[in-house]
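> Show me how the following folds:
(one chain, ligands or ions: 1)
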Amino acid sequence: MREYSAFALLKNALTGNTGWKEAWRKPELKASYDVIIVGGGGHGLSTAYYLAKEHGVRNIAVVEKGWIGSGNIGRNTTMIRSNYLHPQNQHFYEHSLTLWENLSQELNFNVMFSQRGVMNLAVGPAQLDDFARRGNAMRLAGIDAELLSREQVAKVIPGMDVSASARFPIYGGLMQWRGGTARHDAVAWGYARAADRLGVDIIENAEVTGFLKDGDTITGVVTKRGEIRAKKTAVVVAGSTGQVMKLAGIDRLPIESHVLQAFVTEAVKPFIHTVAAFGGGHLYFTQSDKGSLVFGGDIDGYNTWAQRGNLPVVEDVMSEFVALFPGLARVRLLRSWGGLMDMSMDGSPIIAKGPLPGMYLNTGWCYGGFKAVPASGWTFAWTIAKDEPHAFNRHFTLDRFRRGLIIDEKGQGSTPRLH
Ligand SMILES: Cc1cc2nc3c(=O)[nH]c(=O)nc-3n(C[C@H](O)[C@H](O)[C@H](O)COP(=O)(O)OP(=O)(O)OC[C@H]3O[C@@H](n4cnc5c(N)ncnc54)[C@H](O)[C@@H]3O)c2cc1C
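Next comes the predicted model:
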């Protein structure tokens, strides 16, 4: 019997809900594993799951500094899409979206994936041309895309100011109907539970404080709960990449850590039926199933490891939101929080073997690592198991920055704020 089925729900409802098993075990550290995964965020957990499921590697430890869900996997605004221009990104993110489409069934855990569409709002004819180009590139790659007129946009988001006299007049939008949202905690819990059932040890409160080395080769980690050895050690710590890699002696990486904030308002009646990103500034928003407006904008713009932001960006994001929705100016903001972002210098990720022997690195997710969680884990697991990249991640190397082979999706250069 699958643990989470209609039958199990009925049985537990009738027996006081005392029969549920814990979602994942609390195992003690073993002295050695085949693979150590440093970081129990979305990417670390999905890597462990696909390593166990697709490659039969079951002797795995995921060592997490805090608790499962404490990092960005539980802090993001949950937007999922594969609307990229460059082929290096297109096929990777489309693979991710395909995995999302079956994830609840695969994990036997409802991740509440909702394909409500993701729309990029064009402010001005030049931006609409640019979106048309991107939409055409997507369709040539077999990815769904539709260019919407201003009237069509207004139907999807009634209440948004699309008039010609708006502060930033909307000219249309690029829609990917298969994009959408999912419940972020459920994604962490679902992968953790599924990996645990395949034998993966998930060790919480086990911050990695050092690496074990034999010459240059990484042979394990030192954690706050003891030492562990392994032939393969994967570092997947998102915004903490700089700090953790420094412990291994690597202190120059094309990554900057920044804080990104998210905002949630009180609940209002449903009127935003999609996810949208505003091309006039930097604003993305949706409406949660409970009715809250969920939105975010730019990173705070200074390097930090603090998981909280400052008021100037709050003011900036609010002003963009009110420019689009003047009628919402008096809706109350209930909550805001910050997460630590691993901003790469071209806006694209790194999923590669190295940079030291025995080590594997996954980082550089910028604003968009949540949607990548399934494909990132899937391709990283492949890379760790086979010691070579899959076609989907072969361009996401660390040395592309040295070799000048950057994947500058937005054409903005090495400016993290603009990715
Ligand atoms: C406010 C906000 C909004 C976002 N919105 C979106 C969005 O709408 N769509 C989208 O696609 N992406 C979005 N993102 C980005 C996305 O959340 C991240 O790119 C992604 O979650 C990062 O990967 P992760 O889940 O593995 O990170 P994390 O969950 O941060 O995992 C890294 C883990 O490493 C652990 N760690 C750190 N140091 C150590 C150590 N020394 N030892 C052991 N463990 C350690 C941390 O505790 C953490 O749990 C957003 C991010 C933020 C902050």
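> which bits of the chain sit near the ligand?
Contact residues, the chain versus the ligand (Cβ under 6 Å from any ligand atom): 38-44, 63-66, 70-73, 75-79, 207-208, 236-240, 244, 260-262, 296, 339, 341, 365, 367-371. For glycine as for every other residue, the C-beta is placed from the backbone atoms N, C-alpha and C.
> residue boundaries of the helices in the stretch 301-419 of the chain?
311-324, 373-386, 400-403 (DSSP state H, counting those that start in this stretch).
> Could you identify which of the ones you listed is most buried?
Mean neighbours per residue, mean count of other Cβ atoms under 10 Å, is largest over the helices of the stretch 301-419 of the chain for helix 373-386, with a mean of 25.
> Residues contacting that one, please?
35, 42-43, 45-51, 54-55, 57, 73, 92-93, 95-96, 99-100, 103, 187, 191, 232, 234, 236, 349, 351-353, 360, 362, 365, 369, 389-390, 392-393 (Cβ atoms under 8 Å, 6 or more residues apart in numbering).
> Try it again at 6 Å.
Contacts with helix 373-386, where a contact means Cβ atoms under 6 Å, 6 or more residues apart in numbering, come from 42-43, 46-47, 50-51, 55, 92, 95-96, 99-100, 232, 234, 351, 353, 360, 362, 389-390, 392-393.
> Separate out the buried members of the residues you listed.
Buried members of the contacts of helix 373-386, counted by 16 or more other Cβ atoms under 10 Å: 42-43, 46-47, 50-51, 92, 95-96, 99-100, 232, 234, 351, 353, 360, 362, 389-390, 392-393.
> Not including adjacent chain positions, what is the nearest residue to the most centrally placed residue in the chain?
By Cα atoms, centre = their mean, the chain has its centre lying nearest to residue 370, at 1.6 Å. In space, and not counting its chain neighbours, residue 370 is closest to residue 76: 4.4 Å by Cβ to Cβ, 6 or more residues apart in numbering.
> My guess is the one you found contacts residue 369. True?
No. The pair residue 76 and residue 369 fails to qualify as a contact (Cβ atoms under 6 Å) at a distance of 7.7 Å.
> Output the residue of the stretch 1-150 of the chain whose distance to the ligand is smallest.
residue 41 (1.9 Å; Cβ to the nearest ligand atom).
> could the helices of the stretch 301-419 of the chain be laid out in a markdown table, adding mean pLDDT?
Formatted as a markdown table, the helices of the stretch 301-419 of the chain follow (pLDDT from 0 to 100):
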| stretch | mean pLDDT |
| --- | --- |
| helix 311-324 | 94 |
| helix 373-386 | 98 |
| helix 400-403 | 95 |
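> The residue nearest to the centre of the chain and residue 273: what is the separation?
The spacing between residue 370 and residue 273, counted by Cβ to Cβ, to the nearest Å, is 21 Å.
> now do residue 291
Taking Cβ to Cβ, one finds residue 291 at 13 Å from residue 273.
> same thing with residue 233?
45 Å.
> So for the residue of the stretch 201-350 of the chain found nearest the ligand, what's the nearest residue that isn't a sequence neighbour?
At 2.2 Å from the ligand, residue 339 is the closest residue in the stretch 201-350 of the chain, using Cβ to the nearest ligand atom. In this structure, residue 339 finds its nearest non-sequential neighbour in residue 75, 3.7 Å apart by Cβ to Cβ, 6+ apart.
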